[in-house]
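> What shape does this take:
(2 chains)
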Amino acid sequence: MKPQTAGNQPAVPGSERTRLAASGARAVTLAQLSHQPRGDRLRGTIFMTLILFAVSLALIGLVAIIVQAAVKGAPAFSTDLITNGPSTINPEQSGFRPALLGTLYLIIGVIVLVVPLGISAAVYLEEYADGTRWWNRLIELNVQNLAGVPSIIYGILGLAFIVRGPLDLGFILAAGSMTLALLVLPTVILASREAIRAVPPSIREGSLALGATQWQTIRRQVLPAAIPGVVTGVILAISRAIGETAPLLLVGAATFVTFSPTFFGDNGYTALPVLIFNYAARPQDEFRVLAAAGVILMLIVLLAMNSFAIWLRNRYEQQW
Amino acid sequence: MEARDTIGAFGRGGADNPPPSLEAPSPRYGEKLIKGILAFCAILSVITTTAIVVSLLMPTIDFLGEVPIGDFLFGTEWAPTFSPASFGVLPILVGTISTSIWGMLFAIPIGLCSAIWLSEYASPGARKTVKPVLEVLAGIPTVAIGIFGLVFLSPLIEDVFPFMVNVPPFSAGVAGLAIGLMLVPIIASISDDAMRAVPGGLREAAYGLGATRMKVATRVVFPAAISGIIASLVLAGSRAVGETMVVLLVAGASPNLTFDPGSSVLTMTAFIAQTATGDISTGSITYDTIFAVGTLLFVLTLIMNVFAIRLVRKYREVYE
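Below is the predicted model of the structure:
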């Protein structure tokens, strides 16, 4: 005979009245506890529907942006987009070649500037800075604030400080790179700090106890462990820099540049989002088609980068 | 024995073999140099802020030398390039506030509902898919959202609600809608973080008292996370005020002093971007105007950001 659970089998076999009483009491208790007023249930359902509606609206918006650009830009989508320069005379054969190269150069400049500066600042703030000192708190507050400054203000900074004023570089590609680097620097610092903070203190203490200096500990233990998080942050920052348009408008990204740009040449440069914006602002439909095709080009690059960043985060996320 | 002697030699009296010193055997100038370099990188953020303030203030002072501050802040006509010129900032300030308000009206319900769904209703699997997708929406360049507004939303809304678009295709309301799409992931993501930081015990206690899921979400978790939620709204507002490309493409360029969603407006950011891309000489009144408007924009967003940072710090202190 199999063992029976106490709930189904009466305590004294054969006592029919006990069994009935127990199951009756059980039914009454369940009915009492699981009962919800109808109004509550109805409100709950309506609320849930509303919430699902809102979430799907947000997702539909995202899908609509992508689908709309794909449909609108489809006629212009050919290899001409990558190989040809812009042209006002025959928009059918215009492309984004100088703009793509310009964006590539800008981003190389941003990476060169932002990776060492951002990681160094994050290492200082996490590993060396004494958080109770006022100057370190000032730096922290500053970084958080800078992350929220509108991008166009960075454009003004670039115009007044880098293009003219103290640095006086003129409207060159390097000035655009520097402006974008300043713009994404706070993002990189904040992301790197998170990654460094995620390395448990025991790793540091172990290393220091074995006689390593503080820098040796950072260089050989903390940074290697924090690298995936740092790289993820850098990629996300770079993908933001790729799409930024407003500051570049101010620091001289011209629209019709038909030749390949250089870092310090002063005969003009352009960038992908700037050219897209210019095409979109023209009333003729051919140009809007081109703009949509450019958006798709840009989104492909960005989505690839973002997916890589997310993959990297999931792949190398370390459980301590 | 020999090693002990070497260590002892660095201590005070090496003769009768004292306990080994814990001091570093050399002053480690390299370590200090590295710390100095890292600190400099961190201080660079303070330098950036200083540079922003200086580059904004100097031309602004020149500007206020020519235009009385009362005329600038409370004047109702904005025509800086006309003769006679008029520098009343109210129309473009109201334009900025108008597009931001329409954006927030769209983004607040959708963003908050998405946050509630993500933190209280979604299964872990659904959350793992929807959250990255929302992050992708946050990563779409604003110029792409602007094109979506101009080419897709504007004609659509003109068909459905003709009063929303007086001068096709430009409209403050449609620009607001496009900005709102951009704000949803900001609100959803930060509010979701704040709501997930609410300890599970609060939820369990409410369920134990017989509360429904909706009551737990709206009466327990939501009020407990309110400082983080307000922070997300303020940050989104600051982002809306600083947004450039969407308003440049969709809001038009007429400085109308109105909150009418159907009217075309000029915002502060759009004015800066438009004017700074033209050929303007340093020191002219038009050049200084850009910086005066920039200062106003910077001050507005700075106040909002500082407020939001304080709120976020508060909820972190309470629950983490």
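
> quick one, what contacts the residue of the stretch 51-200 of chain B found nearest chain A?
Per Cβ to the nearest Cβ, B:Pro141 is where the stretch 51-200 of chain B lies closest to chain A, at 2.6 Å. (C-beta placed from N, C-alpha, C; glycine too.) If you count contacts by Cβ atoms under 8 Å, 6 or more residues apart in numbering or on different chains, B:Pro141 has them with A:242-245, A:273, A:298, A:302, B:245.

> Just the closest of these to A:Arg133, please.
Closest to A:Arg133 out of those is A:Glu244 (33.8 Å), distances taken as Cβ to Cβ.

> tell me which helix or strand of the chain sits lowest on mean pLDDT?
If you meant another chain, say so; for now it's chain A. In chain A, the helix or strand scored least confidently by mean pLDDT, DSSP states H and E is helix A:80-83, which has a mean of 79.

> Enumerate the positions of the next helix or strand after it that are buried.
Going down the chain from helix A:80-83, the next helix or strand is helix A:97-123, by DSSP states H and E. Of all the residues in helix A:97-123, those buried under the rule 16 or more other Cβ atoms under 10 Å in any protein chain shown are A:97-103, A:105-107, A:109-111, A:113-115, A:117-123.

> Report the mean per-residue pLDDT for helix A:97-123.
For helix A:97-123, mean pLDDT rounds to 93.

> Give the other helices and strands that it contacts.
helix A:80-83, helix A:173-197, helix A:223-243, helix A:272-281, helix B:29-66 (3 or more Cβ pairs under 8 Å, 6 or more residues apart in numbering or on different chains; DSSP states H and E).

> Can I get those helices in JSON lines including distance to B:Ile290?
Below are the helices and strands packed on helix A:97-123 laid out as JSON lines (distance: least, Cβ to Cβ, whole Å):
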{"stretch": "helix A:80-83", "distance to B:Ile290": "34"}
{"stretch": "helix A:173-197", "distance to B:Ile290": "15"}
{"stretch": "helix A:223-243", "distance to B:Ile290": "23"}
{"stretch": "helix A:272-281", "distance to B:Ile290": "18"}
{"stretch": "helix B:29-66", "distance to B:Ile290": "8"}
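
> where exactly do the strands run in chain B?
Ranges of strands in chain B, per DSSP state E, are B:78-79, B:86-87.

> so what strands line up beside the first one?
Right, strand B:78-79. Within its sheet, and counting by DSSP bridges, strand B:78-79 is paired with strand B:86-87 (antiparallel).

> what does the partner strand rub up against?
Outside strand B:86-87, the residues touching it (Cβ under 8 Å, 6+ apart) are B:67, B:71-72, B:75, B:77-80, B:289.

> Buried members of those into PyMOL, please.
Burial among the contacts of strand B:86-87 is assessed by 16+ other Cβ under 10 Å; the matching PyMOL selection reads:
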select buried, chain B and resi 67+72+75+78+80+289
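
> Least confident of the contacts of strand B:86-87?
Within the contacts of strand B:86-87, pLDDT is lowest for B:Pro80, at 81.

> Return the residues in contact with that residue.
B:86-87, B:275, B:285-286, B:289.

> roughly how far apart are it and B:Ser284?
Applying Cβ to Cβ, to the nearest Å, the value for B:Pro80 to B:Ser284 is 11 Å.

> Kindly report the same for A:Arg282.
Per Cβ to Cβ, A:Arg282 is found 28 Å from B:Ser284.

> Now the stretch 1-150 of chain A against chain B: closest residue?
For the stretch 1-150 of chain A, Cβ to the nearest Cβ, closest residue to chain B: A:Pro150, 2.5 Å.

> quick one: that residue and B:Thr301 touch, right?
Yes. Applying Cβ atoms under 8 Å as the test, A:Pro150 and B:Thr301 come out as touching, 5.6 Å apart.

> Now for these two: what residues contact both?
Residues within reach of A:Pro150 and of B:Thr301 at once, by Cβ under 8 Å, 6+ apart, are B:238, B:241-242.

> out of the residues you listed, which one sits closest to A:Leu167?
If you rank those by distance to A:Leu167 using Cβ to Cβ, B:Gly242 comes first, at 24.2 Å.

> so that closest one touches A:Gly155, yeah?
No. B:Gly242 lies out of contact with A:Gly155 (Cβ under 8 Å); the separation is 11.1 Å.

> ok, the two, which is more surrounded?
The neighbour comparison of B:Gly242 against A:Gly155 (other Cβ atoms under 10 Å in any protein chain shown) goes to A:Gly155, with 31 against 25.

> So the more buried one is in contact with A:Thr179, correct?
Yes. At 6.7 Å, A:Gly155 counts as touching A:Thr179 under the criterion of Cβ under 8 Å.
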